[in-house]
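**Student:** Show me the folded form of this:
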Amino acid sequence: MSVGFGPAFPETIYFDITIDGVKLNTAVRASMTHAVNGARTFNCTVTNKETFTLCRLGAEIEVNIGRGNLSNLIDDKKFIGIIKDIKPKQEILAFTALDYTTFLAESQYVLYKAQDYIGEDLYFAAARACDYKGIDTSKLVQGCGIPITADMKLFGWKTRKEFIDACFEEMTVLVNDDKHPVNTIKQWQYGIMNGKTMEFFLPDPHNTINFPVLTVSEENNNLLDENIVSQIDTTRIINAITVVGKDENTYVQLEDSDSQKKYGVIGKFLTYPTTDKNVLYNVAYKILNRFKEPTVSYSVSLPNADYIDLGHLLAIDVPTLTKAAVLPVVGYDLAIDDKVSTTFQVGQTKVTVKEYIDLLSKPTDR
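**Tutor:** Next up, the predicted model:
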């Protein structure tokens with residue numbers, strides 16, 4: 001596949017770049033990266049010293065990503081941002097731009113007071129904080145159904161992004177229904193995927209009725225040894241647990257022998273505010289089942305997959321798995337020089353034991 005930065009052939013993927021409204025025609029390579037709850041980053045290298053003055057700090061950059069021509073834009077990949085870093089050299093200049101999420105991270109501090117927010121839906125509180133410096137919040141109309149309470153760590157002096165991140169830490173849903181495994185955890189996430197438009201989304205990879213945008217497998221001829229790397233995080237494994245109630249003589253201990261044979265004995269001690277031993281057993285059982293296996297994620301390099309974005313579901317069908325794993329995209333790196341390549345980070349939501357215990361103490365599907 002050929003690659004360019006201007007007029008191109010039908011299957012060429014290219015970037016059309018303007019800086020402060022002036023077209024940039026001297027780009028030789030570019031890349032764009034994105035991860036959930038963060039800004040998109042656009043990196044570009046240009047030649048021709050006469051164009052270096054365009055690439056100033058604070059300049060607004062617009063990047064249209066097309067396939068063949070601008071009338072065939074790749075959906076949801078238009079980038080609008082601000083140049084935040086430049087690295088000039090003798091013959092070339094490299095710059096880095098961030099999308100409008102950077103305004104939230106660098107905003108003036110705001111004093112968030114509990115009395116102004118208690119009872120409000122977390123989703124809409126975060127949406128109001130996003131309405132800043134030209135960020136388009138017109139899509140943020142759904143709500144999450146979780147009201148703000150006084151014990152949430154949302155209040156005090158914070159940047160807008162700090163407040164939004166605190167809201168999203170609370171926007172975690174524990175689901176028990178016939179479409180999900182017992183105690184399924186869903187986590188809201190956010191990002192600007194296109195232009196200046198902020199989006200909130202709730203991936204649901206464990207739903208029994210889900211529709212992955214792509215299955216990565218040998219059968220589909222898109223699985224090669226060098227283009228998929230598994231990443232196994234064992235730091236949260238628990239396969240022996242002691243849960244003690246208000247009275248130290250009221251406790252429960254459980255173990256999972258299969259997990260211990262694989263990973264060794266990894267114990268955890270915690271307390272839970274109850275005098276009911278049945279409640280302690282239930283908490284211990286749920287934690288053991290949630291954390292007895294490692295968290296697995298994948299780095300997947302795919303050709304012609306520029307349509308895939310954050311929150312999309314990928315099915316990973318590799319020989320080491322007994323069945324295909326459906327996982328959400330949590331990040332990507334799209335690179336363009338003499339070819340196009342996109343590497344996706346897909347993985348499970350990481351939840352700490354404390355966060356999980358907090359969820360267990362709140363209503364299901366809150």
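**Student:** so what's residue 93 closest to, chain neighbours aside?
**Tutor:** Leaving aside its sequence neighbours, residue 93 sits nearest to residue 52 (CB to CB, 6 or more residues apart in numbering; 4.9 Å). For glycine as for every other residue, the C-beta is placed from the backbone atoms N, C-alpha and C.
**Student:** go on, residue 46?
**Tutor:** residue 26 (4.7 Å).
**Student:** Count the neighbours of the residue nearest to residue 239 when sequence neighbours are not counted for me.
**Tutor:** Spatial nearest neighbour of residue 239, excluding adjacent residues (CB to CB, 6+ apart): residue 259 at 3.7 Å. For residue 259, the count of nearby residues is 21 (other CB atoms under 10 Å).
**Student:** try the one 3 residues further on
**Tutor:** For residue 262, the count of nearby residues is 14 (other CB under 10 Å).
**Student:** mean confidence for the helix or strand containing it?
**Tutor:** Following DSSP states H and E, one finds residue 262 within helix 257-263. Helix 257-263 carries an average pLDDT of 90.
**Student:** same deal with stretch 319-329?
**Tutor:** For stretch 319-329, the per-residue pLDDT averages 78.
**Student:** try stretch 291-301
**Tutor:** The average pLDDT for stretch 291-301 rounds to 84.
**Student:** Equivalent analysis for stretch 84-99, please.
**Tutor:** 92.
**Student:** Would you mark the buried spots in that stretch?
**Tutor:** 84, 92, 93, 95, 97, 98, 99 (16 or more other CB atoms under 10 Å).
**Student:** right, and the residue nearest to residue 239 touches residue 292 too?
**Tutor:** Yes: with contacts counted by CB atoms under 8 Å, residue 259 reaches residue 292, the gap being 4.1 Å.
**Student:** Give me the common contacts of the two.
**Tutor:** Common contact partners of residue 259 and residue 292 (CB atoms under 8 Å, 6 or more residues apart in numbering): 237, 239.
**Student:** Which residues lie in contact with the residue nearest to residue 239 in this structure?
**Tutor:** 237, 239, 266, 292, 293.
**Student:** hang on, the earlier thing: go ahead and confirm the residue nearest to residue 93 touches residue 94.
**Tutor:** No: the criterion here is CB under 8 Å, and residue 52 misses it with residue 94 at 10.7 Å.
**Student:** and for these two, which residues touch both?
**Tutor:** residue 46.
**Student:** Now residue 54: closest residue in space, sequence neighbours ignored.
**Tutor:** Using CB to CB, 6+ apart, the nearest residue to residue 54 is residue 19, at 4.6 Å.
**Student:** out of everything not next to it in sequence, what's closest to residue 157?
**Tutor:** In space, residue 157 is closest to residue 109, 4.9 Å off (CB to CB, 6+ apart).
**Student:** Could you pull up the residues touching residue 118?
**Tutor:** 147, 148, 149, 150.
**Student:** most surrounded residue in those?
**Tutor:** Ranked by neighbours (other CB under 10 Å), these are led by residue 148, which has 20 neighbours.
**Student:** who touches stretch 124-138?
**Tutor:** 100-101, 103-104, 107, 110, 117, 140, 143, 148, 154, 160, 163-164, 167-168, 171, 190, 192, 195-198, 200.
**Student:** and residue 289, that's in a strand?
**Tutor:** No: looking at residue 289 with DSSP: H, G, I helix; E, B strand; the rest coil, it is helix, so not inside a strand.
**Student:** what about stretch 251-264, how long is it end to end?
**Tutor:** Using CA to CA, to the nearest Å, the end-to-end distance of stretch 251-264 comes to 23 Å.
**Student:** what's the offset of it from the middle of its chain?
**Tutor:** 31 Å (CA atoms, centre = their mean, to the nearest Å).
**Student:** So which bits of it are buried?
**Tutor:** 251, 252, 254, 255, 256, 259, 260.
**Student:** one step back: kindly give a single ChimeraX line that selects the buried subset of the contacts of stretch 124-138.
**Tutor:** In ChimeraX, this line selects whichever of those come out buried by 16+ other CB under 10 Å:
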select :100,101,103,104,107,117,140,148,154,160,163,164,167,168,171,190,192,195,196,197,198,200
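**Student:** Can you list which of the contacts of stretch 124-138 are found in helices?
**Tutor:** 101, 103, 104, 160, 163, 164, 167, 168 (DSSP state H).
**Student:** Just say helix, strand or coil for the closest residue to the first one other than its chain neighbours.
**Tutor:** Which is residue 101. Nearest residue to residue 101, sequence neighbours excluded (CB to CB, 6+ apart): residue 39, at 3.7 Å. Recorded secondary structure, residue 39: coil (three-state DSSP).
**Student:** What pLDDT is listed against the residue lying farthest from the centre of the chain?
**Tutor:** Distance from the C-alpha centroid of the chain, by CA atoms, centre = their mean, peaks at residue 249 (42.6 Å). Looking at residue 249, its pLDDT stands at 90.
**Student:** Can you report phi and psi for residue 209?
**Tutor:** phi -120, psi 90 (degrees, to the nearest 10).
**Student:** Thanks again, I'm all set now.
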